[in-house]
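Novice: The amino acid sequence is not available; the structure is as follows:
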Ligand SMILES: [Mg+2]
Ligand SMILES: [Mg+2]
Ligand SMILES: [Mg+2]
Ligand SMILES: [Mg+2]
């Protein structure tokens, strides 16, 4: 049969095709496999979700190699390509380009780097300053990443935080153009308005100069068809698996605590067999039959 | 105020007190914090759940230092003590005693070591051989762990797999006595029958020679009161948070895939603010106010 | 017998005692043990040497958790306390205070944090800008570290780079005073002049306001007695074990390459038995005798 | 220009070519680069040396992912291919084949797996039992590794410990044949006699059925020409860089301790500039000129 398409090529096509694509958040190997099985074209390895599952904050409390290891488990668990939310690239151009090499080795298909300063602050936190990186420095960082990659299809997405930081549309456009010129494979334009007005305005001015990715966490009720009409390339559903876990675990833990029994929750949670299936126990069983001596 | 009680001391009291105690499964920092907030006295760092969340199988595919790091994040995220499901101790006595030292350093309150062989096989997998460790070798492993610990209250729980392996009650009792004599702080007696008959029989013969922990994953409908009557010290609800996550993420991912929208799930998942709260953003905000210069 | 003194207490005494003390560089577990056996009171876990042995550059190419792991192996291998060269603390106050907690857990006795920006540049590299941190921000970082530590004797050394950066004596003194006031347990005053003139001038003005540590890599011929007279508390011999390894390995590898034989070098290198001794094989042998069953 | 040859292909050619080849030991990124610069065709990532530099013992005290990380730094630092001494594969066939995948990702060109039991014991330790793996189980482990690799040139070397364990020539040959039939790319035949008699006898019977690698640590004075005549494919100089470091650091540390000065050793150790050169500072300097904004 034909060789499987590389994950980097899959991610590149997802970003550059005329159709609107969807990436769903995951934060460990298990969630990546579930996203893959649900049929999504891509996996968003969310920085917020990864830090939250680890139990730390989304301001680079986990080291970049700890995040890298989570991303590796995700890439191993999913056939769909993983796009890592890599914050600022964890330092300057040199840290970012080193990351690119390490991601490629581990089968991660791309990374998204944002134009803020290390350590970053989560964009949705209220009342926090969101200092932006110097535009030239960040453009050169993108360029350094692009030169570092060895697989021509590895994707570097440049995330524009000008709207989050309150610097306005003109600055967002200026940065988007600079990052595109520096070699970014796509722009992620982030907004925390409760409607899509900023994104609408950006897309109207952008006029299809390159693929644009959006993250409608704060404007969930904008119809997806609207994003198609604007010319958005991909939508990231950025943290809903993590948030579903929080609710499910809080409910489950509280109920078991209260009832001093698992009998009540038993029918509401996946079976142990389903966990084994997700772990691909069938492949191991078959391998054991071949590679362990018959006693 | 008085110094906070050490987590090791909390775990020891939980195991040795006359009341029946409950440990709830967690598999990363987030779930550990949720278990803690739900009011449980202890956190069970399940080997099955940790491997499943990482996306690998429960047969030591993750290295012991990868598991150690997960356990560290859990200990950091929870006030309640963490008891690590440490499989076989990841090798011989020397690997196991090294693990004990590393767990102590990271604030993990105890570990449970099972009398199987490395690499282990999950006890609930059907159709797999479950070779048991040599009884003398395993007893010496427990003794080596106990001598290695520096905090007198660190707990080493010896897990008896004789019932799982089908070796019968007499062997289970023989092993339990040997491990107790070797210094185990408690015995974990595991059964995969769909009722508590094996546990009943064990407890009747055991006659309170030391704390006994059970894991009723396969016999969830036995009333908890029955465990009290038998003289069980602690019950582990071993994997229900992980299984709740599987169901919640499958439902959430499939629905978002189908609806091409997050609007539908928005009200069913925890808010982003709740994620920030669980990450203790309030502590960081207060610290930033003190430790960042006013611009 | 009496409990062994904590390593943190040893390091504190070394820094605060009236005698001149010496810390010798190490860069992995093996070198730390050799430094310890040579009789040094303290081990300097050099950032340059650690990065060099890993094969990367001294500009935070290795992640902070990779450095942490090296420091952990060093602390495990040495009875003498380890002082980690922690660059800038690997980010802002929050990264630095998190590091302090992790170092304490791993038995590292203290860390030295320098007033530069992340990612740092090695101070001895020619022709590189050496931007300094804001004095207030860095003072608050020191304060945050001091509040984070749980062991009262853990040491935070503040490294003053003003002389390296060419900002002059007055700025060095201003910073030293600010860091001392913020809680630093000692100041490390660095100079890359080829004589001790800058250090002399600093010490004359400093007038014993607190312990001062120096690193005479660039002024090796200044008599040590002169440092005593100036009132220096501790001298760090910062990279000589690493540099000795470079020469030894280059010579050994080249000779074996040339001679196509190890016969020639055999008498010039340590025996395999000496390697086993340094690995403490005797302790393992004794433990095996106790904890492995007699077959 | 032509694409560089893959390191796996280099290693395969080294093992299969008619000329006698040499691999020199390294144990971290720095030593790997020095071995490469000295002109060796291959780098032997020695398990003894890696454990010794970390400060632990050669009985799997370091986890397999800790060793993997050291091997990654080595592969990054060397143009010559790295062959990892992977002990037993760190468990059963499943652990070993997982290792192969991870090594491939990190650019390690091959691994050597020995037919002992986990945790292993160093072959040169006196007075230790050296239990051998079951021949069928180990053959299947080799087969599982070969099926797991994705790069056709990745090399799996099977190490025969029958001579070390005292089981004699016939057993060594029987095992060598079984492992070769299972797909091993080469055999490593180890002996701890103080002469090459066992190797001579083996080679005479083996009659060139496949590449043979030897490790003459215990018989250093056998002329290398003799190995050529026997038909050996490659010789591993297994631990001499590590041993050179031990001697160099002991001498350096003791002298600095005694002299309370670095003046004496200054001329005997590599310069700081040489350390910078080995860290490839020139590449970084050039990159900074391109990717950092001119201020
Ligand atoms: Mg993010
Ligand atoms: Mg388990
Ligand atoms: Mg340094
Ligand atoms: Mg070895």
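Specialist: Happy to help now that I have it. In this text, all values refer to a predicted model and were calculated from it rather than measured experimentally. Ligands and ions are numbered 1, 2, ... in the order given.

Novice: ok so residue A:50 is a strand residue?
Specialist: No. Counting by DSSP: H, G, I helix; E, B strand; the rest coil, residue A:50 is not part of a strand but helix.

Novice: Verify the stated contact: it with residue A:68.
Specialist: No. Between residue A:50 and residue A:68 there is no contact under CB atoms under 8 Å: 10.5 Å. Any C-beta I mention is one placed from the backbone N, CA and C, and that applies to glycine too.

Novice: residues touching the residue in chain A that ligand 1 sits nearest to, list them.
Specialist: Nearest to ligand 1, among the residues of chain A, is residue A:47, at 3.3 Å (CB to the ion). By CB atoms under 8 Å, 6 or more residues apart in numbering or on different chains, residue A:47 lies in contact with A:58, A:67, A:85-87, A:120, A:122.

Novice: So which of these belong to strands?
Specialist: If you go by DSSP state E, the contacts of residue A:47 have residue A:85 in strands.

Novice: circling back: looking at residue A:50 and residue A:68, which one has more neighbours?
Specialist: Per other CB atoms under 10 Å in any protein chain shown, whichever of residue A:50 and residue A:68 has more neighbours is residue A:50, with 25 against 20.

Novice: need the contact list for that one.
Specialist: Contacts for residue A:50 were tallied using CB under 8 Å, 6+ apart; they are A:27-28, A:62, A:67, A:70, A:85.

Novice: Kindly reformat these as JSON lines and extend each row with distance to residue B:285 and pLDDT.
Specialist: Shown next, in JSON lines, are the contacts of residue A:50 (distance: CB to CB, whole Å; pLDDT from 0 to 100):
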{"residue": "A:27", "distance to residue B:285": "23", "pLDDT": "99"}
{"residue": "A:28", "distance to residue B:285": "27", "pLDDT": "99"}
{"residue": "A:62", "distance to residue B:285": "19", "pLDDT": "98"}
{"residue": "A:67", "distance to residue B:285": "23", "pLDDT": "98"}
{"residue": "A:70", "distance to residue B:285": "25", "pLDDT": "99"}
{"residue": "A:85", "distance to residue B:285": "22", "pLDDT": "98"}
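
Novice: what about the host helix or strand of residue A:174, distance to the chain center?
Specialist: Using DSSP states H and E, residue A:174 maps to helix A:169-181. Helix A:169-181 sits 21 Å away from the centroid of its parent chain (CA atoms, centre = their mean, to the nearest Å).

Novice: is chain D contacted by that helix?
Specialist: No. Applying CB under 8 Å from any CB of the partner chain, one finds helix A:169-181 out of contact with chain D, separated by at least 12.2 Å.

Novice: what is the mean pLDDT for that helix?
Specialist: In this model, helix A:169-181 carries a mean pLDDT of 98.

Novice: List the buried residues in that helix.
Specialist: Neighbour-count burial for helix A:169-181 flags A:171-173, A:175-180 (criterion: 16 or more other CB atoms under 10 Å in any protein chain shown).

Novice: how about residue A:202, what does it touch?
Specialist: When the contact criterion is CB under 8 Å, 6+ apart, the partners of residue A:202 are A:163, A:169, A:172-173, A:176, A:189, A:212.

Novice: So residue A:83: helix, strand or coil?
Specialist: Classification of residue A:83 using three-state DSSP returns strand.

Novice: wait, I meant residue A:228
Specialist: Recorded secondary structure, residue A:228: helix (three-state DSSP).

Novice: State the distance from it to ligand 3.
Specialist: For residue A:228, the distance to ligand 3 (CB to the ion, to the nearest Å) stands at 53 Å.

Novice: what about that residue, how many residues close to it?
Specialist: 14.

Novice: and if you look at the one 3 residues further on?
Specialist: For residue A:231, the count of nearby residues is 15 (other CB under 10 Å).

Novice: Need the contact partners of the helix holding residue A:174.
Specialist: The contact list for helix A:169-181 (CB under 8 Å, 6+ apart) reads A:115, A:135-136, A:138-139, A:142, A:158, A:160, A:162-163, A:187, A:189, A:198, A:201-202, A:205-206, A:209-210.

Novice: List the residues that contact residue A:246.
Specialist: The contact partners of residue A:246, by CB under 8 Å, 6+ apart, come to B:30, B:34, B:269-270, B:274-275, B:278.

Novice: if you set the cut-off to 7 Å instead, what comes out?
Specialist: The neighbours of residue A:246, taking CB atoms under 7 Å, 6 or more residues apart in numbering or on different chains as the test, are B:270, B:274-275, B:278.

Novice: Leaving out chain neighbours, which residue sits closest to residue A:22?
Specialist: Nearest non-adjacent residue to residue A:22, counting by CB to CB, 6 or more residues apart in numbering or on different chains: residue A:235, 5.4 Å away.

Novice: er, residue A:154 actually
Specialist: Leaving aside its sequence neighbours, residue A:154 sits nearest to residue A:8 (CB to CB, 6+ apart; 4.9 Å).

Novice: tell me the phi and psi of the one you found?
Specialist: Note on residue A:8: its backbone torsions stand at phi -60, psi -40 [degrees, to the nearest 10].

Novice: Just give me the neighbour total for the residue of the stretch 101-250 of chain A found nearest chain C.
Specialist: Relative to chain C, the nearest point of the stretch 101-250 of chain A is residue A:119 (4.6 Å; CB to the nearest CB). For residue A:119, the count of nearby residues is 21 (other CB under 10 Å).

Novice: repeat for the one 5 residues further on
Specialist: Using other CB under 10 Å, residue A:124 has 20 other residues around it.

Novice: For it, give its distance to residue B:281.
Specialist: Between residue A:124 and residue B:281 the computed distance is 11 Å (CB to CB, to the nearest Å).

Novice: May I have the phi/psi pair for residue A:184?
Specialist: Reported as degrees, to the nearest 10, the phi and psi values for residue A:184 are phi -60, psi 140.

Novice: give me every residue that touches it.
Specialist: Residues near residue A:184 by CB under 7 Å, 6+ apart: A:142, A:156-158.

Novice: if you skip the residues just before and after it, what's nearest to it?
Specialist: Among residues not flanking residue A:184 along the chain, residue A:158 sits closest, at 3.7 Å (CB to CB, 6+ apart).

Novice: shouldn't that neighbour be in contact with residue A:185?
Specialist: No. Assessed by CB atoms under 7 Å, residue A:158 is found out of contact with residue A:185, at 8.4 Å.

Novice: These two: which has the busier surroundings?
Specialist: It is residue A:158, of residue A:158 and residue A:185, that has more neighbours when counted by other CB under 10 Å, with 28 against 20.

Novice: domains of chain A?
Specialist: Here the domain parsing of chain A from automatic domain parsing is A:7-239, A:246-291.

Novice: now the last one, how far from the centre of its chain.
Specialist: Spelled out, that is domain A:246-291. Computed by CA atoms, centre = their mean, the chain-centroid distance of domain A:246-291 equals 26 Å.

Novice: what pLDDT, on average, does that domain get?
Specialist: Across domain A:246-291, pLDDT averages out at 98.

Novice: and that domain, how far apart are its ends?
Specialist: End-to-end span of domain A:246-291 (CA to CA, to the nearest Å): 40 Å.

Novice: Can you tell me the SS state at the residue nearest to residue A:22?
Specialist: strand.

Novice: pLDDT at it, what is it?
Specialist: At residue A:235, pLDDT is 98.

Novice: now swap in the one 4 residues further on and tell me
Specialist: We note a pLDDT of 98 for residue A:239 in this prediction.

Novice: ok, it touching residue A:46?
Specialist: Yes. Shown here, residue A:239 and residue A:46 form a contact pair, counting by CB under 7 Å, at 5.5 Å.
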